[in-house]
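Student: what's the 3D shape of this:
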Amino acid sequence: MIEFRDVYKAFGPKAVLRGFSLTVEEGETMVIIGYSGTGKSVAIKHIVGLLDPDAGEVWVDGKRVDQLPRSELYALRGQIGYVFQFAALFDSMTIGENVAMGLRKQGTLTPREIEARVNDALELVDLPDVQSRMPAELSGGMRKRVGIARAIALRPKYILYDEPTTGLDPVTSATIDQLMVRMREQLGVTGIVITHDMRSAYTVGTRIAMLYEGRVRAVGTVDEIQHTSDPIVRQFIEGKATLDDDAMGAFAGARA
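Tutor: Next up is the predicted model:
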């Protein structure tokens, strides 16, 4: 389980998270949506200790992340895969070397075991026989899939996906969505997905949370979010340029 408890984070005068609280249960895929610059990526960086909260707490499996000794933090990171927005592959390394990088850093497997783990991971993302190719030889969608393979090669308990479908065409995006669903259903991986893509959010999410003005504005199942009466959430999920003043007034009245 991952828990954010009243987390605050600012960068200089800019307050990003302002009382962010959210619980991610084991086995689910939590999708976090919200406008650009609202702190979605900032939030998930706290899970792996890349950032520490100014106030509040982040817990993973009963351990408070910002208070872990360095050795325990590294062990925790070994249980968490991170899929970066633009795959973040090293251009000077082959695909096999990219996928194997985290395994070699752990230093617990033999070269033969690493090779087998790399092959298995690439097979899971439907990219067999690309180990010797270079990132520049692959399409954007294939590089994203390699990024997922690198994450799952560690056999993590959790995977964090940062804008996994950004910059991809609809067909390739759908392929990435199905891979994320496969990670949950076949491997039992708990996922957190950061996205602006509502089609993707509805496909992969078991629950969706909207981050707005540094806090969770709404959280619920796909059906609950799709049928919410909150005008802020409706504006985002429907892609409206302006708020409906009547809806805003009705919602405020209902909450009073």
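
Student: My guess is V42 contacts K9. True?
Tutor: Yes: here V42 reaches K9: they are 5.9 Å apart, a contact under C-beta atoms under 8 Å. Heads up, the C-betas are built off the backbone N, CA and C, glycines and all.

Student: shared neighbours of those two, anything?
Tutor: Common contact partners of V42 and K9 (C-beta atoms under 8 Å, 6 or more residues apart in numbering): V16, L17, L51.

Student: mind checking the SS state of the second one?
Tutor: Recorded secondary structure, L17: strand (DSSP: H, G, I helix; E, B strand; the rest coil).

Student: how many neighbours does the nearest residue to it once chain neighbours are set aside have?
Tutor: Spatial nearest neighbour of L17, chain neighbours left out: K9 (4.2 Å); criterion: C-beta to C-beta, 6 or more residues apart in numbering. Number of residues near K9 (other C-beta atoms under 10 Å) recorded here: 22.

Student: K9 in helix, strand or coil?
Tutor: strand.

Student: which residues does it contact?
Tutor: A15, V16, L17, G39, V42, H46, L51, P53, D54.

Student: Check pLDDT for those residues and point me to the minimum.
Tutor: Within the contacts of K9, the minimum per-residue pLDDT falls on G39 (92).

Student: Would you quantify the distance from that one to R64?
Tutor: 20 Å (C-beta to C-beta, to the nearest Å).

Student: The two: which is more packed in?
Tutor: Using other C-beta under 10 Å as the criterion, G39 and R64 rank with G39 on top: 25 against 12.

Student: Apart from its chain neighbours, what residue comes closest to the more buried one?
Tutor: With C-beta to C-beta, 6+ apart, the residue lying closest to G39 is V16, at 4.0 Å.

Student: Next, the contact list for the one you found, please.
Tutor: K9, A10, T38, G39, V42, G214.

Student: Next, give me the two most distant ones among those.
Tutor: A10 and T38 (13.5 Å; C-beta to C-beta).

Student: who's more crowded, these two?
Tutor: Neighbours per residue, other C-beta under 10 Å: of A10 and T38, the larger number sits with T38, 20 against 14.

Student: my read: that one touches G214, true?
Tutor: Yes: under the criterion of C-beta under 8 Å, T38 makes contact with G214 at 7.4 Å.

Student: where in this protein is pLDDT low?
Tutor: 86-87, 243-256 (pLDDT under 70).

Student: can you map out the strands along it?
Tutor: Using DSSP state E, the strands of the chain run over 2-11, 14-24, 29-33, 55-60, 63-64, 80-83, 158-162, 190-194, 207-212, 215-220.

Student: so which of those strands comes closest to T94?
Tutor: Here strand 80-83 is closest among the strands of the chain (C-beta to C-beta), at 19.2 Å.

Student: and the residue lying closest to H46 once chain neighbours are set aside, how many neighbours does it have?
Tutor: Spatial nearest neighbour of H46, excluding adjacent residues (C-beta to C-beta, 6+ apart): V58 at 4.6 Å. Using other C-beta under 10 Å, V58 has 26 other residues around it.

Student: tell me, which helix in the protein spans the most residues?
Tutor: Identified as the longest helix of the chain according to DSSP state H is helix 170-187.

Student: I'd like to check the angle between it and strand 190-194, please.
Tutor: 160 degrees (axes from the mean of the first three to the mean of the last three C-alpha atoms, to 10 degrees).

Student: Residues touching helix 170-187, excluding its own?
Tutor: Outside helix 170-187, the residues that touch it by C-beta under 8 Å, 6+ apart are 27-29, 124-126, 139-141, 144-145, 148, 152, 155, 159, 161, 164-165, 168, 189-191, 193, 197, 199-200, 203-204, 206.

Student: among the residues you listed, which ones are buried?
Tutor: 28-29, 124-125, 141, 144-145, 148, 152, 159, 161, 164-165, 168, 189-191, 193, 197, 200, 203-204, 206 (16 or more other C-beta atoms under 10 Å).

Student: Cool, thanks, signing off.
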